[in-house]
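Here is my input, please return the structure:
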Amino acid sequence: MSQRDVDQVRALLAAADPAAEVTGVPGDLSWRVPEEVAETVGRRPGGASWRRAGRRRAAVAGGLLLAAAVAGAVLVALPGESAEPGVAVLDGAGASERLPSWSARDWVSYADHVVVGTLSGEREIAVSEEELAAGEGYLGRSGTLDVQDVLWSRTGARPAPASGLSLSLVGWTFDGDDRQRMAMAGVPRIETGHTYIFALAYTSEGWELLGSGAILPYDEGVIGNGESAGTVRDADEGQAELAEAERDLAAEHSLEFQVTGHDGGTLVELLASAEPDPAAAGFGDLPADQRWERANE
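Numbering: from 1, shown residues only. The predicted structure is shown next:
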């Protein structure tokens with residue numbers, strides 16, 4: 001997580017009290033969602049957002065996925081959410097992502113590898129002197145990804161990263177000695193003790209997660225089984241949440257919906273049959289972000 005990401009998160013959360021029933025997070029997000037690429041935002045399971053207008057999505061400047069998503073989010077208490085006590089769920093309606101991750105086409109067009117992995121360790125990112133003096137603020141988190149298996153690779157992709165890849169993750173808010181975990185609604189927080197499937201993309205800044213739709217719970221070898229938004233659930237519960245959200249949207253089924261309840265082999269079969277975006281097909285030698293930009297010129 002870059003210092004700018006941390007500073008942006010802190011600025012947006014400065015006026016927000018996670019204990020309040022509903023709290024808006026003020027701040028100018030124009031630097032993250034340029035006016036010329038702003039688009040209609042669909043609702044994702046649990047209240048997070050998808051930026052879905054064909055294959056065009058708004059770009060994010062700098063930082064890894066989850067750091068950027070937090071910086072564009074709104075902190076809310078979501079009635080009916082199954083978040084465990086002590087988890088502040090973030091509504092991502094204001095967030096944007098650099099690359100699309102909704103569909104199988106998105107994955108085969110812009111991901112380089114799909115891997116099974118766990119978080120082998122995590123560390124806190126130091127708070128600012130101002131927050132330390134005030135006794136409250138935002139505490140960032142980074143983690144180390146242990147890659148256990150590579151399920152799928154794009155033809156021509158550079159070798160998959162070895163274990164030890166550093167990820168920027170959603171952290172905590174704190175008030176004195178009290179901490180509250182933060183999570184994006186409908187998106188795995190990524191915690192130790194759980195297994196996930198990740199779609200990884202090599203970008204101009206190095207290896208990153210493809211997007212919020214490219215992190216799938218995978219405990220006990222079942223997609224959708226495990227931690228999501230800070231809460232442990234089973235695949236049936238995850239499928240029910242996805243079905244409700246997509247019914248409300250009258251949207252096509254996401255890749256996550258199609259593979260939840262199945263094993264990694266089903267995901268591999270789906271990716272093998274998916275057609276890449278023709279507009280991106282001619283730029284396979286470019287990093288994923290440049291490939292997306294060229295496909296959307």
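
Could you use CA atoms for every contact and neighbour count after this?
Fine.

what ranges do the helices span in this structure?
Using DSSP state H, the helices of the chain run over residues 3-13, 65-71, 104-110, 129-134, 235-249, 255-259, 264-273, 278-281, 288-295.

and those helices, which one's lowest on average pLDDT?
Here the lowest mean pLDDT among these goes to helix 65-71, at a mean of 43.

distance of the closest residue to residue 192 other than its chain neighbours from residue 125?
Spatial nearest neighbour of residue 192, chain neighbours left out: residue 119 (5.1 Å); criterion: C-alpha to C-alpha, 6 or more residues apart in numbering. Separation of residue 119 from residue 125 (C-alpha to C-alpha, to the nearest Å) stands at 16 Å.

More neighbours: the two, which one.
Counted by other C-alpha atoms under 10 Å, residue 119 and residue 125 do not tie: residue 119 has more neighbours, with 23 against 16.

Could you pull up the contacting residues of that one?
With contact taken as C-alpha atoms under 8 Å, 6 or more residues apart in numbering, residue 119 is in contact with 143, 144, 145, 146, 190, 191, 192, 193, 194, 195.

if we go to 6 Å?
144, 145, 146, 192 (C-alpha atoms under 6 Å, 6 or more residues apart in numbering).

Which of those are buried? Put it as a ChimeraX command.
Those of the contacts of residue 119 that count as buried under 16 or more other C-alpha atoms under 10 Å are selected in ChimeraX with:
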select :144,145,146
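
Where does the prediction get shaky in the stretch 101-250 of the chain?
245-250 (pLDDT under 70).

cutoff 90 now
Along the stretch 101-250 of the chain, segments meeting pLDDT under 90 span 102, 124-140, 161-164, 167-168, 170, 172-180, 182-186, 212, 229, 235-250.

quick one, strands of it?
113-125, 136-153, 165-175, 178-184, 195-203, 206-209, 215-217, 226-228, 231-233 (DSSP state E, counting those that start in this stretch).

Could I get the buried residue list for stretch 263-279?
Of all the residues in stretch 263-279, those buried under the rule 16+ other C-alpha under 10 Å are 264, 267, 268, 270, 271, 274, 276, 277.

quick one: pLDDT of the last one?
According to the predicted model, the pLDDT of residue 277 comes to 94.

who's in contact with it?
Contacts for residue 277 were tallied using C-alpha under 6 Å, 6+ apart; they are residue 109.

ok, it to residue 291 distance?
Relative to residue 291, and taking C-alpha to C-alpha, residue 277 is found at 11 Å.

Now list whatever residues contact both of these two.
If you check residue 277 and residue 291 against C-alpha under 6 Å, 6+ apart, no residue is contacted by both.

Many thanks, have a good one.
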